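# Fold the following for me, if possible:
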Amino acid sequence: MADKENKAAETSEVVKAETEESKAAAKVAKAAKASKKSDRPGAFSRGWQNVKRYFKDVRGETKKIVWPDAKTVLKSTGVVLLVVAVVSLIIWGIDTGLSAGITGLKKLATNDTSVSETVDENTDAEEGTQEGEAEEADAESEQETEAGSEEETEEATEEAAEEAAPQADTTAAE
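Below you'll find the predicted structure:
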C-alpha cells in the first residue's frame, strides 16, 4: 500500500507541475498578444492597405475579362434590335385592338349617334329635304342675328335643336 500512496503522491505532484506550466504558458501567450497589438499599424494605415488591396484585386479581375470580337457584337446587336421590333409590333397590335374594343363598348353603352352620322344616313334617303331645312334654319338664324337680340338667337338655336332631334329619332327608328 505504501507503493500506491507513493504513486498517488507523485501523480499529484506531476499534475500540479503541469498546471503551473500551463499557467505560465498562458501568461507568456497573453504577453505576446499584448505586444502584437502594440505593433499593429493604426486604423488609417490599415484602411489605406485595404483600399490598395481592393484596387489590386479589381485590376486582376479586369485582366480576366474576355471581350467579344466585332462580328459577335454586331450579331448580338442585330438579334436585340429584331426582338425589340417584334415585341413592339405585338404591343402595338394589342393596344390597337383594345382601343377599338373600348371605343365599340362606349358606342354600345351610349347608343347615341352623332350629328355627322345622322346626316350621313339621311343624305341617302332624304337628301333634298335636309338641305332645305338646314338652309331655312341658317336663314332664320341670320335674320335673328341681324336683329341683334341675343334672346331670340338662343330661342332659334333651341328650336333648331328641337326640330333636329325628332328627325334623328325617326331616322334611327327607320
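
# What separation do you get for residue 102 and residue 66?
51 Å (C-beta to C-beta, to the nearest Å). No exception for glycine: its C-beta is placed from N, CA and C like everyone else's.

# And the two? Which one has more around it.
Neighbour totals were compared for residue 102 and residue 66, and residue 102 leads with 10 against 4 (other C-beta atoms under 10 Å).

# Work out for me the element that one sits within.
Using DSSP states H and E, residue 102 maps to helix 70-110.

# Check which helices and strands that helix is in contact with.
Judged by 3 or more C-beta pairs under 8 Å, 6 or more residues apart in numbering; DSSP states H and E, helix 70-110 has no packing partners among the helices and strands.

# what mean pLDDT would you report for it?
The pLDDT scores in helix 70-110 average 96.

# Same check on stretch 55-64?
The average pLDDT within stretch 55-64 is 94.

# tell me which residues in that stretch are buried?
Buried positions in stretch 55-64, judged by neighbour count with 16 or more other C-beta atoms under 10 Å: none.

# shift numbering so it begins at 128
In the new numbering, first residue 128, that becomes stretch 182-191.

# Output it as CSV, restricted to C-alpha atoms.
What follows is stretch 182-191, C-alpha atoms only, in CSV (Å, rounded to 0.1, in the frame of the first residue of the first chain):
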residue,chain,number,x,y,z
PHE,A,182,-7.8,48.1,-56.5
LYS,A,183,-5.2,45.5,-57.0
ASP,A,184,-7.9,42.8,-57.0
VAL,A,185,-10.0,44.9,-59.4
ARG,A,186,-7.1,45.2,-61.8
GLY,A,187,-6.6,41.4,-61.6
GLU,A,188,-10.2,40.7,-62.3
THR,A,189,-10.2,43.1,-65.2
LYS,A,190,-7.4,41.2,-66.8
LYS,A,191,-9.6,38.0,-66.7
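
# Quick one: residues in contact with that stretch.
Residues outside stretch 182-191 that contact it (C-beta atoms under 8 Å, 6 or more residues apart in numbering): none.

# Using the record's domain definitions, break this protein down for me.
Following automatic domain parsing, one finds the domains of the chain at 196-238, 241-300.

# Quick one: residues in contact with stretch 201-218.
For stretch 201-218, the surrounding residues in contact (C-beta under 8 Å, 6+ apart) are residue 195.

# if you set the cut-off to 7 Å instead, what comes out?
Taking C-beta atoms under 7 Å, 6 or more residues apart in numbering as the criterion, no residue outside stretch 201-218 touches it.

# what about residue 195, which SS state?
Using DSSP: H, G, I helix; E, B strand; the rest coil, the structure places residue 195 in coil.

# Now do the phi/psi pair for it.
In terms of degrees, to the nearest 10, the main-chain angles of residue 195 are phi -70, psi 160.
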